[in-house]
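Undergrad: fold the following for me, if possible:
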Amino acid sequence: MNNLLHIGFVGCGSFVQHFIPLFKAHPYVGSVAVTDLIPERRIETAKKHGVTDIYDSFEDMLKSKKLNCIAIFTQRHLHGPLAIAALKAGKHVYSAVPMATSVEEIAQIVELVKQTGLTYSMGETGHYRPCSIFCRTKLKSGEMGEFVYGESQYNHDMRHFYASYQRSGGPDWKRTAAGIPPMLYPTHSTGMMLSSTGSYARKVAAFGYRDHHEDGIFGEGKNDWDNPFTNTSAMLYLANGGIARISENRRIGWYGPQSYITNFCGTAGSYECSIAQHSYVRLSGMDAVYEDVSGLLNPFEMQKHVSEEGFANAVVNNKWSSTFAPIQNTKRLPEEFIGMPDGHGGTHKYMCDDFCKAAYTGKLSPTNAWIAARYNLPGLIAHQSALKDGESIDVPDFGDPPAGQDMLDSDK
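TA: Numbers count the residues shown, from 1 in each chain. Down below sits the predicted model:
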């Protein structure tokens, strides 16, 4: 399309504060604007980032002839309806995760993108994490053989979420924000595994941990979803014949790392991770060959401190968790991003760049609507399975992106 992007940010909570500066600095972006239901928040956010365009509502953004993109940073269950409305209004869409919280909303987003040719990109960090890049690259090369089994998880204890939920959910935060089923926010675990395998889920069977904590957030009648689960683990049967276990845990004695692949196994080679130790083993004839790949996957800053006392304790408290690792290709990013803060394992800049490149050039984002659907749908069906005590359920699939449409390569 070769026109500069003019992006309206919907939602002025804490998370969007990390992204406005990046989008604003991108060479393909002409301007940014903000809106929020709370007037004070939109005014404070605009002032903080030097944004002059402030809209009174999301609806006003949709009517704007200047804005050609919408970036969604609202509460999670609102992402789907807002994305649908934006696409219907002719806007490109960047959405924080999840894509949507119902199969019907996901189907509608995919169909709208197919009909309109507009760009949709979901900002999933797991796609760009060092462990995903490593496993994806090794599997594509053929060195690992065929994928057979893997495990990934997103461990984020509720005690680290309370303040965020209170900000976003208001006085009724326990019901409207905190109680969302963990598998309606599945992409931090599915995104890593499925982007690495290059496959998608066909069947899922899951079990959930029924919470009985004194905070009273989970259980029938206690939240808008009647959700009893803080933790859910699912077994996925993939289209390539492999099996994957994904876990979304919100009541767990753990802090960091939060999103990671525990193991990723092929017929000829396997990867394993434990905190900051990354191991790669491949078979050579009858013998196994071990390689310590920690220096490739751990952030540059982390590796500087490996021999220091207290290193492991610092890692499990998420120190150095927002910086680049050697395996991440920083040369593909705009030079305007140099020196700017990042987050989530050095992934924010890649998510921003891929949306901007996709919307500007007309190519597909690596996390386009079809890929995003495949990252989200297993979680939605896993929650249904857990409510049915682990019943195996088919996962719907909306197919591959249209043939012949170029897609950006996130690793180059």
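Undergrad: all helices for the stretch 151-300 of the chain, in order.
TA: For the stretch 151-300 of the chain, the helices defined by DSSP state H, counting those that start in this stretch occupy 162-169, 173, 187-197, 294-297, 300-303.
Undergrad: that's a helix at Phe134, yeah?
TA: Yes - assessed with DSSP: H, G, I helix; E, B strand; the rest coil, Phe134 lies in a helix.
Undergrad: picking that back up, need the helices of the stretch 151-300 of the chain in a markdown table with distance to Asp36, can you?
TA: (C-beta placed from N, C-alpha, C; glycine too.) Formatted as a markdown table, the helices of the stretch 151-300 of the chain follow (distance: least, CB to CB, whole Å):
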| stretch | distance to Asp36 |
| --- | --- |
| helix 162-169 | 11 |
| helix 173 | 16 |
| helix 187-197 | 24 |
| helix 294-297 | 37 |
| helix 300-303 | 33 |
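Undergrad: can you pull the pLDDT of the closest residue to Thr137 other than its chain neighbours?
TA: Nearest residue to Thr137 in three dimensions, chain neighbours excluded: Asp411, at 6.7 Å (CB to CB, 6 or more residues apart in numbering). Per-residue confidence at Asp411 stands at 87 (pLDDT).
Undergrad: on that earlier part again, could you export the helices of the stretch 151-300 of the chain as TSV, including mean neighbour count and mean pLDDT?
TA: Converted to TSV, these look like this (neighbours: other CB atoms under 10 Å; pLDDT from 0 to 100):
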stretch	mean neighbour count	mean pLDDT
helix 162-169	16	88
helix 173	19	94
helix 187-197	28	98
helix 294-297	18	97
helix 300-303	16	94
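Undergrad: out of these, flag the one nearest His212.
TA: Evaluated over these, closeness to His212 peaks at helix 162-169, with 17.5 Å, by CB to CB.
Undergrad: helix or strand right after that closest one?
TA: Moving toward the C-terminus from helix 162-169, the first helix or strand encountered (DSSP states H and E) is helix 173.
Undergrad: contacts for that next one, please.
TA: Surrounding helix 173, the residues in contact under the criterion CB atoms under 8 Å, 6 or more residues apart in numbering are 165-166.
Undergrad: ok, now stretch 303-321?
TA: Stretch 303-321 is contacted by residues 254-258, 275-276, 294-295, 298-299, 301-302, 344-345 when judged by CB under 8 Å, 6+ apart.
Undergrad: what's the PyMOL syntax to select whichever of the residues you listed are buried?
TA: To isolate in PyMOL the members of the contacts of stretch 303-321 that are buried, counting by 16 or more other CB atoms under 10 Å, one can use:
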select buried, resi 256+257+258+276+294+298+299+302+344+345
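Undergrad: give me the number of neighbouring residues for the residue nearest to Arg245 when sequence neighbours are not counted.
TA: If the residues on either side of it in the chain are set aside, Arg245 comes closest to Glu151, at 4.6 Å by CB to CB, 6+ apart. Here the neighbour count serves as a burial measure; for Glu151 (other CB atoms under 10 Å) it reads 20.
Undergrad: with the one 4 residues further on instead?
TA: By the other CB under 10 Å criterion, the neighbourhood of Asn155 contains 21 residues.
Undergrad: what residues are bridge-paired with it?
TA: Beta-bridge partners recorded for Asn155 (DSSP bridges): Asn249.
Undergrad: gap between it and Pro186?
TA: The span separating Asn155 from Pro186 equals 13 Å under the rule CB to CB, to the nearest Å.
Undergrad: also Ala234?
TA: Distance check for Ala234 against Pro186: by CB to CB, it reads 8 Å.
Undergrad: what sits in contact with each of these two?
TA: Taking CB under 8 Å, 6+ apart as the criterion, Ala234 and Pro186 both touch 246, 378-379, 382.
Undergrad: give me the low-pLDDT residue ranges for the stretch 301-412 of the chain?
TA: Per-residue confidence for the stretch 301-412 of the chain (pLDDT under 70) gives no ranges below the cut-off.
Undergrad: ok so, going back, looking at the helices of the stretch 151-300 of the chain, which is nearest to Pro98?
TA: Nearest of the helices of the stretch 151-300 of the chain to Pro98, taken as CB to CB: helix 187-197 at 5.9 Å.
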